[in-house]
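Trainee: next come a sequence and a model predicted from it.
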Amino acid sequence: MVNEKEVDTISHDDAYLVIGKIAVKYKFVDEEQIQEALAIQKQEKLAGKEALLGEILVTHGMMSRNQLNFILSIQKVIETRKMDRKFGMIAVKNGFAAPEDIENALMLQKEGYEKTKIVRMIGDILVESMVMTKDQCDAILKKQKRFDQIDAAEAEMPEMPEIPKSEQTSINDAHFELTVSEDKMNALFSINKESTISFTLQDIKDYLETKGIKYGIVDDQNILDYLENEEDRNALLTVAEGKLPEPGVDASIKYYFDTDPLKVGTVKNGGSIDFKDRGNIPQVKKGDLLAEKIPAVEGTAGNDVYGRYLAVSKPKDKALRRGKGASVSDDRLKIYADTDGMPEISAIGKVYVSPRLEIPGGVGLKSGHIDFDGKIDVLGPIQSGYRVKGNSLKANEILKADIEMDGDVRVSGGIIGAKIKSGGNLSAMYVHESEIEILGDVLIEKEIIDSKINTSGTCIAKGGPILSSRISAKKGIQAIQIGSEISKPCHLSVGFDEKVKEDIDAIKSLIPKIKGEQTEYQRRLREIENEPSIIEKVIADMAQVQDRAQVKRRALSEEMDRLKQAGDDAQYEGAEARLSELDSEIKNREIRLDTLFSKQDDIKSEISDLNQKIEDANNKVQDLREKISEIIDWSTTEKGIPEIIVHDVIFSDTTINGIYSSLRVTHNQKNVLITEDIPKEADNTSDWNLDRDKFGSKIRIKPL
C-alpha cells in the first residue's frame, strides 16, 4: 500500500499523473515512457479522441493489463482516503467527532485494507464505533458532494444543519428488533411480543428507512401477512435480502490442434519418457482454423441490504497471439494457417505454422549454418561451431553448437557444450557442460552435469543426478540425486523467473539503441528535407536561362545565314565565334542540369529511405514493447512453484533460493520435498522485481 506521505502528495495531482506516478513507483514503467505516453495522449486529444493514460500505456506495450488494474485499485484507495479526510474535517468542524476519533478511524481503515484489501469508509467505522449516528453520517455524505473538487486543507466548511426533530421517527426501537447478518446480505425483523400497539405497513417501512435498509426489501404483501399473524408476534421475518455479486468468466483459448507440451517425448506408465515416440505429428493446410478466443464474460455486481454496491472482480482477459505462418481474423478472435505445415505453440502461447526442412547427415561442413523460418529436422548430430536458428528443432545430438528456436528443441541423444535459447520446451537424454535458457519445461531422461539452466517452467532430471550445476526453474526442480561427495555444490533457484527478468532487460537494452538510430535518421532528414525544393528552384532558373540561350542561338544562326549570303566574311567570322561560345555555355548548363537532376533524385531517394527507416524503427520499438508485454503477461499468469523433489539424496552444501528466502543444506538428506512458505501479503508481488528481505518466509525440508 502507498504510504501516507505519498498519498497526501499524489492525491492533489491530476488523475492521469496519479496513474503515472504509481506506475513509476512500482517500476512498471520509467519516466521516459510516461513522457512518451503523455505525448501520445496530447496527439490523440488534438485529433479529437479521448485517450486515457493507463490505456495508452497498455495498448503501446509499456505496461500489462494486470499492472494497470493494480494501479487503478491503488488509485481508488488514494481517492477514498482523500474523500474520507474531507469527511473527517467536516465531522470535526460540526462537533460530530473529535480529531483523535478521525485519526483512529483512518488507522482502522488502513489496517483493515492491509488485511482484507477492502477499503471501508470511515463514516461506517465511526457509526459502528458509536462515535457518530447514522443520521449524522448520511448528512455529511449528502453535503460532501458539493466539495469534490475543493482542497479540504483550504476550503471553508459551512456549519452543518441539525437534523430536525420532526424528521425523526416516532417509532421506538423498544417495539421492533432488526438483526442484520454479518455479511450484510440478510435483514431479519420482528415485533416484540410484549408490544400491544397495532402497526401499519408504513410504520415498518419507516422503521426500515431509519435503519438504512434500502435494498431487497420484501413485497408489501409479505409484510402485511406478517402483521396479520398475531399468534406469534416475535416470529422472524426476512425483511430484506441482498444480492451477491455473480463472478464473470475468464477469457480462454480453444486450440484446434494438439498442443500437448509432452510431445517432446511421450510419457509412459510410471512417469518415464519415451524420446522415440513422438505421437502423431499434426499437419494443417492453408486456411485451417488453428485457435479461437472465447471472450471473457463480465460478472454482475451486487448490493447488500443497505444498498451498498458490492463490486465484482473483472474477468481475466487472454491474449490471442500469432507467430509466423499464421494470421488473425479481423475481429481478433481467430487464428488461421497462412501456409501448409505443422502447427506449433510457443511457451508464451504464440501460435505459428512451420514448413519443414529436413537435413540428412547432420549439420556440419556440408550444410553450413542453418537459418530457417520453420521446423528443422536434423537427421544426425549438430557439430561443434555451427549455428542453427528456426521455429523448432529435432536432432540426434548437439555438440558445442549455438541453437536459437522460437519453439521446442527435441534431442534424442545428448547435449554437450552447447548454448541453447528456446521459447518452447526442451528434451534430451542428458546435458553436459551446456548453457540453456528455456521459456517452457526442461525434460532430461538421465543426468545434468556442469551446466547452467534457466527455465520459466520446470526442470526434471528423470532418471539421473544433477551435478555441479546452476539451475533456476520457476516451476520447480525434480531429480533422482542432487550433488555428490566429490562434485562441486549445486546452486538451485525455484519459484521465481530469472529468465523473464533477463529477457526483459535484454529487450529493453535494445530500445535505446534503436531510438538513437532513429534520432540520427530524423536529424539527417531535417538536414536535407528542404534541398529538393531548393534544387528545384535552381533548375527552374537555369532552365529559363537555357531557354533564352536557345532563342539567342536561333537568332544568331539566322544572322549568320544573312551575313553568308551578303558575303560579309569579317562579320560572319565574328558571329561564328559568338555561336561557338554560346554552344559551349549551353552544353555546360546541360551538364549542370543533369547533375542537379541526379542530385535531386538521390536526395529524394534518401528522404524516402530515411522515412522508411524511421517507420521501421518505430515498428521495431513497438514490436519489442509488445514482446515485453507478452512475456510479462504470460509470466504473471503463471505462478511460480518454489519446490524441489529429490527421490534419492540431496548432498550438503547445496544452496537453494526461493522467492523470498534462501537455504544451504547442512547435511545429506534422502527422499525429500523442499518447499518455501509463501506469506499471504506477497500474493500481489511481481516475481521479477522482488524485495527478498521484505517478507519473513522460510524454506522447509520434509520427507516425501
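Mentor: Great, that's in hand. Numbers count the residues shown, from 1 in each chain.
Trainee: CA atoms for contacts and neighbours, from now on please.
Mentor: Noted.
Trainee: what about residue 58, how many neighbours?
Mentor: Residues within reach of residue 58, counting by other CA atoms under 10 Å, total 19.
Trainee: that one looks like it's in a strand, true?
Mentor: No - assigned with DSSP: H, G, I helix; E, B strand; the rest coil, residue 58 falls outside any strand and is helix.
Trainee: any chance you could map the helices in this structure?
Mentor: Assigned by DSSP state H, the chain shows helices spanning 4-10, 15-25, 31-46, 53-59, 65-93, 99-116, 122-128, 134-144, 201-210, 220-228, 498-528, 531-566, 569-637.
Trainee: and of those, who's closest to residue 477?
Mentor: Ranking the helices of the chain by distance to residue 477, with CA to CA as the measure, places helix 498-528 first at 14.5 Å.
Trainee: any buried residues in stretch 528-544, and which?
Mentor: Neighbour-count burial for stretch 528-544 flags 532, 535, 539, 542 (criterion: 16 or more other CA atoms under 10 Å).
Trainee: surely residue 456 and residue 426 touch.
Mentor: No - counting by CA atoms under 8 Å, residue 456 sits too far from residue 426 to count as a contact (11.7 Å).
Trainee: which residues do those two both contact?
Mentor: 438, 440, 441 (CA atoms under 8 Å, 6 or more residues apart in numbering).
Trainee: any stretches of the chain with poor pLDDT?
Mentor: Within the chain, the set of residues satisfying pLDDT under 70 comprises 1-17, 26, 117, 144-174, 195-196, 230-234, 260-281, 679-697.
Trainee: at 50 what do you get?
Mentor: Low-confidence regions of the chain, defined by pLDDT under 50, span residues 1-15, 146-171, 261-271, 275-279, 683-695.
Trainee: now do the domain split for it, please.
Mentor: Residue ranges for the domains of the chain, per automatic domain parsing: 4-152, 176-241, 504-623.
Trainee: neighbour-wise, which one of the shared contacts of residue 456 and residue 426 leads?
Mentor: residue 438 (29 neighbours).
Trainee: who touches that one in this structure?
Mentor: With contacts defined as CA under 8 Å, 6+ apart, the neighbours of residue 438 are 420-426, 453-457, 499.
Trainee: please apply the same query to residue 62.
Mentor: Taking CA under 8 Å, 6+ apart as the definition of contact, the neighbours of residue 62 are 28, 29, 33, 625, 626, 628, 629.
Trainee: look up how far residue 618 lies from it.
Mentor: In this structure, residue 62 and residue 618 are separated by 14 Å, where distance is defined by CA to CA, to the nearest Å.
Trainee: save the buried residues of stretch 528-544 as a markdown table, and put in distance to residue 445 too.
Mentor: Written out in a markdown table, the entries for those read as follows (distance: CA to CA, whole Å):
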| residue | distance to residue 445 |
| --- | --- |
| 532 | 67 |
| 535 | 71 |
| 539 | 76 |
| 542 | 81 |
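Trainee: distance of the residue of the chain most remote from its centre from residue 111?
Mentor: In the chain, counting by CA atoms, centre = their mean, residue 567 sits farthest out from the average C-alpha position, at 94.9 Å. Counting by CA to CA, the gap between residue 567 and residue 111 amounts to 120 Å.
Trainee: and residue 236, by the same measure?
Mentor: Between residue 236 and residue 111 the computed distance is 36 Å (CA to CA).
Trainee: ok, residue 368 next?
Mentor: Residue 368 sits at a distance of 65 Å from residue 111 (criterion: CA to CA).
Trainee: cool, residue 536 as well?
Mentor: If you measure residue 536 against residue 111 using CA to CA, the figure is 74 Å.
Trainee: which ones are touching residue 582?
Mentor: Residue 582 sits in contact with 549, 553, where contact means CA under 8 Å, 6+ apart.
Trainee: residue 608: neighbouring residues, count only.
Mentor: When neighbours are counted by other CA under 10 Å, residue 608 registers 13.
Trainee: now residue 312
Mentor: A total of 16 residues lie near residue 312 under the criterion other CA under 10 Å.
Trainee: for residue 470, find the nearest of the helices of the chain.
Mentor: Of all these, the one in closest proximity to residue 470, counting by CA to CA, is helix 498-528 (12.1 Å).
Trainee: centre of the chain to the closest one, how far?
Mentor: For helix 498-528, the distance from its own C-alpha centre to the chain's C-alpha centre is 20 Å (CA atoms, centre = their mean, to the nearest Å).
Trainee: now do stretch 615-629
Mentor: Here stretch 615-629 shows a centroid-to-chain-centroid distance of 14 Å under the convention CA atoms, centre = their mean.
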